[in-house]
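Novice: My questions concern the predicted model and sequence given below.
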Amino acid sequence: MRKKNKIPSGNPFRNIVFLLFAGVFIATAGCSNFINPPTPPALPTPETPAAAKTVETATPFLAASVEFNPALNELDKNIDRLAEEVEKALQKGARLVVTPEMATTGYQYPSRAAIRPYVDTIPGVTTDRFGKLAKQYNAYIAVGMAEQDADTDIFYNSAFLVGPDGYIGKYRKLHLWEAEEHWAAWGDTGVPVFDTDLGRMAINICMDAAYYESARLAALGGADILLFLTNSSAQAVAALPARAQQNGMYIVSANRSDTELDFHMIGLSAIWSPMGRKLAESPYSGKDTKTVADTVIIYAEIDPARYQNRNRANLDERQPELYKDLMLKIAPWDYTKNTTSHDVTAAALQYEPVIGDKDANLANIETLITNAKTKNPALSLVVLPELSVTGPVSRLPVSLITTLAEPAGGSTFSTMARLAKQNGVAIVYGFVEKAANGLYNTAVLLDAKGNQAGKYQKTHLSAADKIWAQPGRAIEVFSAENLGNVGLLIGEDVCFPEAAGVLTVKRADIICIPSAWNGQYSGYMEIHPKVSGNRYPEGSVVLWDAVAMGSEAYTLVANYVGTDRMFLGRSSLFTLDPLYQLDQPVVAGEMAEETLVVKFTTLQNDWWVNQEMLISSRRTDYYMDLVRELTVH
């Protein structure tokens, strides 16, 4: 995502204050051509899990990202230079080459009249030029350009794909940023997927990354590789690890590394694995680097055997019948949304559970809440881990789990309601719920008076959950006094961006996620530390952050530590925009019991990006596949 004269001035920390702050984690150093990043913190999850299917009909191949800096108003020179750079990658054996957004023209044009001399049809002269290279080297090339529709004379921010047999197809950018709205129409192609002998490929462009729907549509169409063309100052490139993990796709991204007029692009073109691991990355280009004359080309191997993987398998675990609200676009008018900001002091409780011992866990919880309130009199919200009072029960006999289960208004509710009222805090806790039709992994939101404000039954069950639990059948947002609209997710729900998407449509101001995480999904961030103006702390989990950034809702995660399950802690607050220094994520440690206390202010409506803007610019007319029953192969 790009901004032009949009970054607010002033103290970037004015909206959030921390009572506990974890250290900064330097994820990678600057890279040169064809560099592998340092190993991130170890997680007990292999790159290719044993259960993953393999593809034996194709061999690994080399992909290249060409970080090329075009000049404004120099179409012919740009095409000549770009063709030379693409050919360099092809000569080194690349079978797939991706170039930046608007690579033939440069980016900032103020009107249709200004860009008219530099547009081309697709197919046209530009596709012919790169099609010849693709044929000569038996390769595939994606190029970003300004397109003129031959029939309507409408212009689009587009990209095309050519291969050994010539022109394959095009994509018109679905979600536009303000700069190109002065000359380009919103894309009308949807997100097509192109079959090639290297695998199935789809294209997204820059601002598309701010909307999880763009990459999700590619994955639901069967894409193995997402070709990502961008002119990014931070947000677009920062979103890519989450898009890879959410969809189990390789991502090959190409950015620029220069300043065009008043807009700076940071480099960091990268290639990501389907598990969200960084395979290659170009150097970071800071704002003091006004121009970068030399093109940088990075390379990484893509292995078709990894097209079938754990993350991709999650696509068949989606619950489209629960996602129908994603087709709603309640904007720009919505008289039901909360419009009141709240100053919130919240705590995520991180502790080692005694599995199956309610009394021991409740006693520990009471001590932790009481101490947190004593030390922080303004405390207004407490979030506990998944199945807070029993600990994770999947290794217990189903008969014992049934014994531990209780109805929604049972003894645990009574204890938690007393703690909420006694301490004047809202509490989110989890328990094994006994209902007429079975057992549920349930989270409850109590208000500060001890009343139940909402209840959520986990909708996306893990394999361990399925042994004993039924899936919930609704994703809801609940109103709580002095908090606003609160959404609840549990554990593996974060692997399904549609779940947080529904909470966004329903205008959640805060999302609480009780978790029992030991590395079974996602992983720690590997984005370059300089991407974010307020750096992410060590141990930031990609998909937890993706909930906050994708919904523009403050997101609190509470997790366990210890036990023989080796829970990994890292309870967190993830925020609306650390990239451009609105606020600062906070992450607890990995090993110790800890009460993570944070302060934040909901509804940052004056910031350059916020939930209102995201909702207003969603392209629901192209999202139908999100709510259809689809089998992805």
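Specialist: On my side now, so go ahead. Residues are numbered from 1 along each chain as shown.
Novice: Flag the shaky bits of the stretch 251-400 of the chain, pLDDT-wise.
Specialist: 289-293 (pLDDT under 70).
Novice: ranges for the strands of it?
Specialist: 259-260, 263-264, 270-272, 278-281, 296-302, 343-350, 381-383 (DSSP state E, counting those that start in this stretch).
Novice: now G430, which residues is it bridged with?
Specialist: Using DSSP bridges, the beta-bridge partners of G430 come out as A443.
Novice: Tell me who's in contact with it.
Specialist: By Cβ atoms under 8 Å, 6 or more residues apart in numbering, the contact list for G430 reads 384-389, 441-444, 490, 514. Backbone N, C-alpha and C define where each C-beta goes, glycine included.
Novice: So it versus P385, what's the distance?
Specialist: Per Cβ to Cβ, to the nearest Å, G430 is found 7 Å from P385.
Novice: joint contacts of those two?
Specialist: Common contacts of G430 and P385 (Cβ under 8 Å, 6+ apart): P514.
Novice: circling back to that earlier point, if we take the contacts of G430, which one ends up nearest to I225?
Specialist: Nearest to I225 among the contacts of G430: I490, at 31.7 Å, using Cβ to Cβ.
Novice: quick one: contacts for the nearest residue in space to the closest one that is not next to it in sequence?
Specialist: Leaving aside its sequence neighbours, I490 sits nearest to K458 (Cβ to Cβ, 6 or more residues apart in numbering; 4.1 Å). Counting by Cβ under 8 Å, 6+ apart, K458 touches 440-443, 465, 469, 471-472, 490-493.
Novice: switch the cut-off to 10 Å
Specialist: 386-387, 430, 433, 440-443, 465, 469-472, 488-493, 499, 514 (Cβ atoms under 10 Å, 6 or more residues apart in numbering).
Novice: ok, now how distant is the residue minimising distance to the centre of the chain from I527?
Specialist: When Cα atoms, centre = their mean is applied to the chain, the residue found nearest the centroid is A546 (3.4 Å). Applying Cβ to Cβ, the value for A546 to I527 is 12 Å.
Novice: which neighbours do the two share?
Specialist: Contact criterion Cβ under 10 Å, 6+ apart; residues bridging A546 and I527 by contacting each: 239, 241-242.
Novice: Give the ranges of residues in the stretch 1-150 of the chain that sit below the confidence cut-off.
Specialist: Across the stretch 1-150 of the chain, the ranges flagged by pLDDT under 70 are 1-57.
Novice: What are the boundaries of the strands in it?
Specialist: Counting by DSSP E, counting those that start in this stretch, the strands of the stretch 1-150 of the chain are 16-18, 61-67, 94-98, 140-148.
Novice: Of all the ones you listed, which one comes closest to T104?
Specialist: strand 140-148 (4.5 Å).
Novice: partners of the next helix or strand after that closest one, with directions?
Specialist: Next in sequence after strand 140-148, counting helices and strands by DSSP states H and E, comes strand 155-163. Sheet pairing here is set by DSSP bridges, and for strand 155-163 it gives strand 140-148 (antiparallel), strand 166-172 (antiparallel).
Novice: Buried deepest among these, which one?
Specialist: strand 140-148 (a mean of 27; mean count of other Cβ atoms under 10 Å).
Novice: pull the CA atoms of that strand into CSV?
Specialist: Extracted in CSV, the C-alpha atoms of strand 140-148 (Å, rounded to 0.1, in the frame of the first residue of the first chain):
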residue,chain,number,x,y,z
TYR,A,140,7.1,-17.1,-18.0
ILE,A,141,7.2,-13.3,-17.5
ALA,A,142,4.8,-11.1,-15.6
VAL,A,143,5.0,-7.3,-16.4
GLY,A,144,3.0,-4.4,-14.8
MET,A,145,1.8,-1.7,-17.1
ALA,A,146,-0.9,0.9,-17.8
GLU,A,147,-3.5,-0.7,-20.0
GLN,A,148,-5.8,0.9,-22.5
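Novice: what about that strand, distance to the chain center?
Specialist: The chain centroid and the centroid of strand 140-148 are separated by 26 Å under Cα atoms, centre = their mean, to the nearest Å.
Novice: With stretch 125-138 instead?
Specialist: Stretch 125-138 has its C-alpha centroid displaced from the chain centroid by 34 Å (Cα atoms, centre = their mean).
Novice: quick one: buried residues of it?
Specialist: Neighbour-count burial for stretch 125-138 flags 126-127, 129-131, 133-134, 137 (criterion: 16 or more other Cβ atoms under 10 Å).
Novice: ok, S388 to S414 distance?
Specialist: 15 Å.
Novice: more neighbours, those two?
Specialist: Higher neighbour count among S388 and S414: S388, with 29 against 11, using other Cβ atoms under 10 Å.
Novice: ranges for the strands of the stretch 401-550 of the chain?
Specialist: Under DSSP E, counting those that start in this stretch, the stretch 401-550 of the chain gives strands at 426-435, 438-446, 452-457, 477-480, 484-488, 510-514.
Novice: circling back to that earlier point, between the shared contacts of A546 and I527, which is closest to R277?
Specialist: Distance to R277 across those (Cβ to Cβ) is lowest for P241, with 8.2 Å.
Novice: Make JSON lines out of the strands of the stretch 251-400 of the chain and add mean neighbour count.
Specialist: Shown next, in JSON lines, are the strands of the stretch 251-400 of the chain (neighbours: other Cβ atoms under 10 Å):
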{"stretch": "strand 259-260", "mean neighbour count": "18"}
{"stretch": "strand 263-264", "mean neighbour count": "18"}
{"stretch": "strand 270-272", "mean neighbour count": "28"}
{"stretch": "strand 278-281", "mean neighbour count": "24"}
{"stretch": "strand 296-302", "mean neighbour count": "21"}
{"stretch": "strand 343-350", "mean neighbour count": "24"}
{"stretch": "strand 381-383", "mean neighbour count": "27"}
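Novice: Could you export the ones you listed as JSON lines, including distance to A408?
Specialist: Listed next are the strands of the stretch 251-400 of the chain as JSON lines, based on distance: least, Cβ to Cβ, whole Å:
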{"stretch": "strand 259-260", "distance to A408": "57"}
{"stretch": "strand 263-264", "distance to A408": "53"}
{"stretch": "strand 270-272", "distance to A408": "42"}
{"stretch": "strand 278-281", "distance to A408": "44"}
{"stretch": "strand 296-302", "distance to A408": "49"}
{"stretch": "strand 343-350", "distance to A408": "21"}
{"stretch": "strand 381-383", "distance to A408": "19"}
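Novice: quick one, which of those is nearest to F567?
Specialist: Using Cβ to Cβ and comparing the strands of the stretch 251-400 of the chain, the one that lies nearest F567 is strand 343-350, at 9.0 Å.
Novice: chain center to that closest one, what's the gap?
Specialist: Remark: strand 343-350 is offset 23 Å from the chain centroid, using Cα atoms, centre = their mean.
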